[in-house]
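Asks: Everything below, folded, please.
(2 chains)
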Amino acid sequence: MTGPGQMAASGSAPAITLEGVSKWYGNVVAVNDVSFEIGPGITGLLGPNGAGKSTILHMMGGLLRASAGAVSVLGEPAAGNPEVYRKVGIVLEREAVYGTLTGWDFVRMNARLHGLPDVDAATRRAIDLVDMGYAQGRATGGYSKGMKQRIKIAAAIVHDPQMLILDEPFNGADPRQRLHMIDMLRAMAGEGRTIVFSSHILEEMERLGDRVLVIVSGRLAASGDFRAIRRLMVDRPHTFRIVSSGNRRLAQALVGDEAVTSVELDGDRLTVQTRDYSRFITVVPRIARDSGVTLRELAPSDESLESVFEYLVAGVRGGQGGDS
Amino acid sequence: MIGVIVGVTLRQVGRQRRMLVLLVLALVPVLISILYRFTADNSSERDAIEFASGMLATFVVPIVLPLAALLVGTSALGQDIEEGTIAYLLAKPLARWKVVVAKMLSAWLLTYLVTLVAVLGSGLIVLTGHEGISLVPAFVVACAAGALAYVAIFIALSLRFSRALIIGLGYVFVWEAIISQFIAGVRFLSIRAYTVGIADALTDVDAEILTRSLDVTPAIVLLVLLVALGGWYATRAVTRFQISERV
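Replies: From the prediction side, this is the model:
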């Protein structure tokens, strides 16, 4: 694995470079001193809502200026450089489309604004790629969220860009559309293009994000390939809430097991922490049975994505997170 | 490129309900003129000229024209910004001045269309068959110039202030309608005065109301300056425009 924030494939120039990039709005810091490089292929920005993923993507797309630091795309500054859009396509999260235009006219308008030589052929190719031919004659204002998302992607790839930036591209897409989009983006990446997308959903990242940048509270918390990030998430301490017919007896029995790191009994609430998730969930029923206790509830109490991210950030600060 | 943006803007703004309101407003002077024509059938040449010049210089130019320019001008780019569609224009290899020129052209076309309904309708109904008919082409040309200055200023305002509509209303109905009417020395800052001044220079019809404007030369110079200033500011604002999810 590459070092922290070094995501460019070895031997090739990075497609995107952020150097000490910060963005603040008044007193609010949205992105705080972030540096990384991204090479061709698919890279996912993972983080909870409000973490600063969109702000980073907007800066990569040149639509937002960094308050400090430098963002460059394909060797050129991203902001204030309209020429860069000949090679870059952007899909923003907002649903905005020109609602009075049909899908075909909307994509075609984008093709014309790019000054493409064969506007109709480019439009047809882009609409076919997102599988929207069946609805191209309808006004985009009447599209579902998933359809709008796909027609926006068609508009962003109509000029066959070398780089595609997508902010939460799977929002509103049904599972079939999601798979289709994943295949399409994989095919584009396979041709040597750079695809960067953001998501707050781990499963999307697992399917698409070969390389992942974890963004938390405006900072780069971890980076690496998805398996490494997932391992960090699984190997972290897990906390379970247990309700049983004899909490005190069960607590005493659990303390002796090697999978358990701590046990806390507070009234009728038993909270247990473990470092070995798989072992723990298999031994608890057995220990309960051996102790003559009936298990009524066994539920993880900290499975929200935020808690996972918090752990990652703490790990980074403690020198154990990030790339391993 | 400019044509593409004009096309989509005309569809976008032209289908708004405000266009219907403006067309109804433009029909008011036409209806009043019809009333005049049918009730004052023995009117003298002088009466017809006074009525038509009054209608054009105190209703069409000071109310229909600026109100149309204000509603259309503030939404020409304002709607793109509000709805987020501006990203489709900015994420293109396109000089920013072209975006502004396209938006100004679209707003001008829609404003002029509304104003023309009022000018041609009321002017032709009252003056057909009268000597003062030359007032009509004079106002057709003058309103084209006035519309351009208004939309340039209102587009620039919409990029600077979130309450551009209210500021524009203040300019039209307080500054132009009241202050510059009573203080002749500040008419050089009134697009209404430029418009009437140009109309006055283009017709040999003598009407008292037309003389309360600006001479044609300063009117044209100031109008060109205002259009250039509005266009320059709007281009600068669009160039610096940032899109974030914090809208």
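Asks: In chain B, what residue comes closest to chain A?
Replies: The minimum distance from chain B to chain A, using CB to the nearest CB, falls at residue B:84 (3.4 Å). Backbone N, C-alpha and C define where each C-beta goes, glycine included.
Asks: Quick one: residues contacting that residue.
Replies: A:92, A:94, A:95, A:96, B:243, B:247 (CB atoms under 8 Å, 6 or more residues apart in numbering or on different chains).
Asks: Kindly report the same for residue A:237.
Replies: So residue A:237 contacts A:261, A:273, A:274, A:275, A:311 (CB under 8 Å, 6+ apart).
Asks: what's the closest of those residues to chain B?
Replies: Closest approach between the contacts of residue A:237 and chain B, by CB to the nearest CB: residue A:311, at 25.8 Å.
Asks: Do you know the pLDDT at that closest one?
Replies: pLDDT for residue A:311: 67.
Asks: Can I take it that residue A:221 is in a strand?
Replies: Yes: the assignment for residue A:221 is a strand, going by DSSP: H, G, I helix; E, B strand; the rest coil.
Asks: how near is it to residue A:213?
Replies: Distance of residue A:221 to residue A:213, computed by CB to CB, to the nearest Å: 9 Å.
Asks: got the residues of chain B near chain A?
Replies: Within chain B, the positions adjacent to chain A are B:1, B:4-5, B:7-8, B:11-12, B:15, B:83-85, B:87-96, B:239, B:242-247 by CB under 8 Å from any CB of the partner chain.
Asks: among the residues you listed, which are in strands?
Replies: Secondary structure defined by DSSP state E assigns none of the residues of chain B next to chain A to strands.
Asks: Now, of the residues you listed, which are buried?
Replies: Neighbour-count burial (16 or more other CB atoms under 10 Å in any protein chain shown) applied to these gives B:1, B:4-5, B:7-8, B:12, B:83-85, B:87-94, B:96, B:243, B:245.
Asks: Which of those residues fall within helices?
Replies: Among these, the members found in helices (DSSP state H) are B:4, B:5, B:7, B:8, B:12, B:83, B:87, B:88, B:89, B:90, B:96.
Asks: State the pLDDT value of the last one.
Replies: Read it as residue B:96. With respect to pLDDT, residue B:96 has a value of 95.
Asks: Give me the distance between the residue in chain A positioned nearest to chain B and residue A:151.
Replies: Closest residue of chain A to chain B, CB to the nearest CB: residue A:96 (3.4 Å). Between residue A:96 and residue A:151 the computed distance is 11 Å (CB to CB).
Asks: And these two? Which one has more around it.
Replies: Relative neighbour count places residue A:151 above the other of residue A:96 and residue A:151, with 26 against 18, counting by other CB atoms under 10 Å in any protein chain shown.
Asks: Is that one in a helix, a strand, or coil?
Replies: Strictly by three-state DSSP, residue A:151 counts as helix.
Asks: One more: residue A:198?
Replies: Here residue A:198 is strand, with the state taken from three-state DSSP.
Asks: so what's it up against?
Replies: Taking CB under 8 Å, 6+ apart as the criterion, residue A:198 is in contact with A:44, A:45, A:46, A:47, A:53, A:54, A:56, A:57, A:166, A:167, A:168.
Asks: The fourth one: how many residues sit nearby?
Replies: Going back to what we said before, that points to residue A:47. As a burial measure, residue A:47 scores 28 neighbours (other CB under 10 Å).
Asks: Then the first one?
Replies: By other CB under 10 Å, 25 other residues sit near residue A:44.
Asks: What distance do you get for it to residue B:46?
Replies: For residue A:44, the distance to residue B:46 equals 79 Å [CB to CB].
Asks: In chain A, what residue spans correspond to helices?
Replies: For chain A, the helices defined by DSSP H cover A:53-60, A:103-113, A:119-129, A:145-157, A:175-190, A:202-208, A:226-235, A:247-255, A:277-290, A:305-317.
Asks: Confidence-wise, which helix or strand of chain B is lowest on average?
Replies: Counting by mean pLDDT, DSSP states H and E, chain B has its least confident helix or strand at helix B:208-211, which shows a mean of 74.
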